[in-house]
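[1] Sequence and predicted model, in that order:
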Amino acid sequence: MSGGVSPAEQVAAGDMDDEAARFCVQKHSWDGLRSIIHGSRKSSGLIISKAPHDFQFVQKPDESGPHSHRLYYLGMPYGSRENSLLYSEIPKKVRKEALLLLSWKQMLDHFQATPHHGVYSREEELLRERKRLGVFGITSYDFHSESGLFLFQASNSLFHCRDGGKNGFMVSPMKPLEIKTQCSGPRMDPKICPADPAFFSFINNNDLWVANIETGEERRLTFCHQGSANVLDDPKSAGVATFVIQEEFDRFTACWWCPTASWEGSEGLKTLRILYEEVDESEVEVIHVPSPALEERKTDSYRYPRTGVVTPSLARVATGSLTAELPPPGSKNPKIALKLAEIQTDEQGKIVSSCEKELVQPFSSLFPKVEYIARAGWTRDGRYAWAMFLDRPQQRLQLVLLPPALFIPSPETEAQRKAAARAVPRNVQPFVIYEEVTNVWINVHDIFHPFPQAEGQQDFSFLRANECKTGFCHLYKVTVDLKTGNYDWTEPLSPTEDEFKCPVKEEVALTSGEWEVLSRHGSKQNFDMFVSHYSSVSTPPCVHVYKLSGPDDDPLHKQPRFWASMMESANCPPDYVPPEIFHFHTRADVQLYGMIYKPHTLQPGRKHPTVLFVYGGPQVQLVNNSFKGIKYLRLNTLASLGYAVVVIDGRGSCQRGLRFEGALKNQMGQVEIEDQVEGLQYVAEKYGFIDLSRVAIHGWSYGGFLSLMGLIHKPHVFKVAIAGAPVTVWMAYDTGYTERYMDVPENNQQGYEAGSVALHVEKLPNDLGPVVEPVASMQEALSPVVEPVASMQEALSPVVEPVASMQEALSPVVEPVASMQEALSPVVEPVASMQEALSPVVEPVASMQEALSPVVEPVASMQEALSPVVEPVASMQEALSPVVEPVASMQEALSPVVEPVASMQEALSPVQWQMSLGTSEDSQHFTCTIWRPQGKSYLYFTQFKAEVRGAEIEYAMAYSKAAFERESDVPLKNEEFEVAKTAVSHRPGAFKSELSKLVIVAKAARSEL
């Protein structure tokens, strides 16, 4: 790219372009746009819904049969809307000259897995949000290959079925069997015991349980939770991953079965073990989220650990004054511990006893610097439990082995603890077998595969991926010496930093170079087949089965050979045009990659408005050679409407090494925009159709944050910012994510303040154009209504006091209205007179006195009573008669306007804070999303748009959440809706500090976009 051209110079040049060279995007009605979006989604659904996943190979024992394996997986059969359990038969022989397409076969016979009416339990709904699940039906399953047992959640219950094992393979679909229970509430995270598939574990009410599938016996193993519905009264859990662990570390379980059993005593009792995490969140902050769906509780309560403390600048944002009472400081993380649950069973499979065990010394004493348990499990032989420990800065990771003998029965007294500790051999100890240290951060992954350890052998070998050694994630084969010490476990221990650390005997790099081994690979001791997903920017996903071929005595040099196809690439949607990938060098000599969606209506010499779609944060890579027609289909839709769409992976994106990603360390929001702007300059110069005077920036989450930062720091480049779910105050975000990249606020106050949008709102442009004519703010727009009175309620009291109920009265007016646009236009439209403002609802009538006389007889003069409100109206008779004529009560008629807020001025002050509105002839659209309370429910203002040619508001509507979803066919994400309601439930002054999840459009176009 060429250097030395500033964005401002580029924009100035763009402003001087001949108007005739500018491509004008065709305007569409809302119904037209909705039709376009629905059509695009329907096309993408045909592609994404069919991809199978979660595979399990089972080898068939019949050597004379035509098939070598049965392959199980989850997928969506043709004509179905639910994920289900499926299987395919893999032949022993295939013809090289022909493509074999495996048929998908149903395992389950006419089984509905989705709950009736789609109603999930609260626990299931929260887990679906954490996993970002968009599909319905069976979304996961557990499988025991030796017995052929399948276990899965469906329809708010648990089910099981069998295929293979001693019962042989089925030939027709089967009916799964429901597992009945005496427990109240959902049974979460079901897992089959690998050592005895008659047993399975599950979580119920935040405690760990086991049950016998064959006998129905259930046993509660832990007693952390007391069953209280109040989060404040019941902070402990067992076997449940906390919010931060799920959201920021992608660990969704907190209990792990030991793969082997042990036999003890002359009675031949079998011991089964479960490693689990116990959590105490008593010191973690509780937030309360109002929920209209919870009429009996009014709010939902959650534990949410915010990072750090409040700095003076952040306090000023939260309270408007340095002397005001500060919000509470950031809460602590949960207290954690690893424990064992053991059950003993007799020969008939009956549970004889159960026992809770804890480490011989407190977890916090053995591992004082451990803040997070990122991963955990067991070695294949069951000799050790293992865990990945992280410190709070997430710059040191330890891989630790824990022998079961290190756990003792949970004592009730110190004397019992000492007696149990005395029985632990002195050479039994934790082993720190591997350590990673960095000054950037640790990216947690799943790649850890221990090798079997021979009896009596002291060496321990495993495969591990490490990113800290070279800055790129590569595979290593590591061998350590499990050297033991001599510990008296009855006495308190103060371990040193290198306590329990094992000497590394050998570490061999299996891969190398400036590229990265990706995580989430499968592994198996013995296998000869695997499944591959493939796609490219121009090819939708396909799924193929490969077979390893070569001599068995040289397994490392076996080559993959295509065997069969499970799914071939579908045809792209008719209007899909794949993006073009490009790369360029920045002025800092960093090579960056991007992709561009060219406008489908591209014409030589014409300049097109451009949307810069951005994420820009860690752990995400947008630009790669994979199919984009599913998750990012909306970008193609924008291109089909005439926009150019640009996507750039700047410094901070992943899979290009830790140094590249670590450019954001302690300075989020301070380096990313420069890369994006340089990329825009490059594509404008290279392609020639980018109109740099009409550029919008748009993104979600971190991309929403960067959209606002782009508008703050580069207002001459970006004319519009569409920010979805942005973080506006990093201090208010969770500990696990924020501290990984930004440290704690005490150590990085400058970084937190520079990267918090809320501290820079004064830099947002004020020249928003004719968003709402003819006022400079929403407060001014409504001043004819709200200024004359302390509240609308007071102003109308002479009329509305005699009336008992308002809802019935308004129904004749409101129910027939097809769109709340008409109903609310008197409130939101900028008007020259009150008569104009009310005209869409209250069509002028001939006589006000006659219409109001039944209601206002106690009032000597209606004009006098309402004069504070109706001064702009020449005739109040004409303005209000259609409202009061159909109703028996004026109070009922006007309550939708006056009841939601004590003061209209107070209700709209947050809008005034976040933006000031103005007029301009060339502004084209403005969008803003606001929530505010209305009695027991919530009023949802969405897509407040002004399509301005003549300053006419084309679209504005307000609905309750349920009504919005019913009318628009667009479901609201619970997390967005809930957080937004939290923001408005606080005092107005605190609203400014609660904006981190609101959808905000901060600026309108100066010129047509």
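    Here it is on my side, so go on.

[2] Name all residues that make contact with the residue nearest to residue 627 when sequence neighbours are not counted.
    The spatial neighbour of residue 627 that comes closest, neighbours along the chain excluded (Cβ to Cβ, 6 or more residues apart in numbering), is residue 535 at 3.8 Å. Any C-beta I mention is one placed from the backbone N, CA and C, and that applies to glycine too. Residue 535 is in contact with 541, 542, 569, 626, 627, counting by Cβ atoms under 8 Å, 6 or more residues apart in numbering.

[3] at 10 Å what do you get?
    47, 51, 541, 542, 543, 569, 625, 626, 627, 628, 629, 630 (Cβ atoms under 10 Å, 6 or more residues apart in numbering).

[4] quick check, it in a strand?
    Yes - the assignment for residue 535, made by DSSP: H, G, I helix; E, B strand; the rest coil, places it in a strand.

[5] Tell me which residues touch residue 702, please.
    Taking Cβ under 10 Å, 6+ apart as the test, what residue 702 contacts is 614-620, 652, 664, 668-669, 672, 725-727, 737.

[6] What is the neighbour count of the closest residue to residue 600 other than its chain neighbours?
    Distances taken as Cβ to Cβ, 6+ apart put residue 640 closest to residue 600, at 4.8 Å, once the chain neighbours are dropped. Residue 640: 18 surrounding residues under other Cβ atoms under 10 Å.

[7] Would you mind confirming that residue 640 is in contact with residue 629?
    No - Residue 640 is beyond contact range of residue 629, at 12.0 Å (criterion: Cβ atoms under 10 Å).

[8] overlap in contacts of those two?
    Between them, residue 640 and residue 629 share the contacting residues 40, 573, 576, 577, judged by Cβ under 10 Å, 6+ apart.

[9] so which of the residues you listed would you say is closest to residue 761?
    For these, the minimum distance to residue 761 (Cβ to Cβ) is 34.6 Å, reached by residue 40.

[10] Pull up the gap between the closest one and residue 28, please.
    Residue 40 sits 13 Å away from residue 28, going by Cβ to Cβ, to the nearest Å.

[11] So if I had to pick from these two, which one is more boxed in?
    Comparing residue 40 with residue 28 by other Cβ under 10 Å, the one with more neighbours is residue 40, at 19 against 12.

[12] Phi, psi for that one please.
    With angles defined as degrees, to the nearest 10, residue 40 shows backbone torsions of phi -70, psi -40.

[13] need the contact list for it.
    Residue 40 neighbours (Cβ under 10 Å, 6+ apart): 573, 575, 576, 629, 633, 634, 636, 637, 640.

[14] Most neighbours of all those residues, which one?
    Within the contacts of residue 40, most neighbours by other Cβ under 10 Å means residue 629, with 26 neighbours.

[15] Now that residue. Nearest residue, chain neighbours left out?
    residue 576 (5.2 Å).

[16] the helices in the stretch 351-500 of the chain, which residues?
    363-366, 414-422 (DSSP state H, counting those that start in this stretch).

[17] Give the other helices and strands that the first one contacts.
    Under the contact criterion of 3 or more Cβ pairs under 10 Å, 6 or more residues apart in numbering; DSSP states H and E, helix 363-366 touches strand 335-345.

[18] do the longest one as well
    Under the contact criterion of 3+ Cβ pairs under 10 Å, 6+ apart, the helices and strands touching helix 414-422 comprise strand 351-359, strand 407-409.

[19] quick one: residue 739 is in a helix?
    Yes - per three-state DSSP, residue 739 lies within a helix segment.

[20] Excluding chain neighbours, what is closest to it?
    residue 307 is the one closest to residue 739 (Cβ to Cβ, 6+ apart), at 5.4 Å.

[21] The one you found: neighbour count?
    Counted with other Cβ under 10 Å, residues neighbouring residue 307 total 23.

[22] for the helices of the stretch 351-500 of the chain, which one sits closest to residue 748?
    Counting by Cβ to Cβ, residue 748 lies closest to helix 363-366 out of those; the figure is 26.0 Å.

[23] tally of neighbours for residue 374?
    Neighbour count for residue 374, taken as other Cβ under 10 Å: 23.

[24] re earlier: so for the residue nearest to residue 739, what's the pLDDT?
    For residue 307, the pLDDT comes out at 89.
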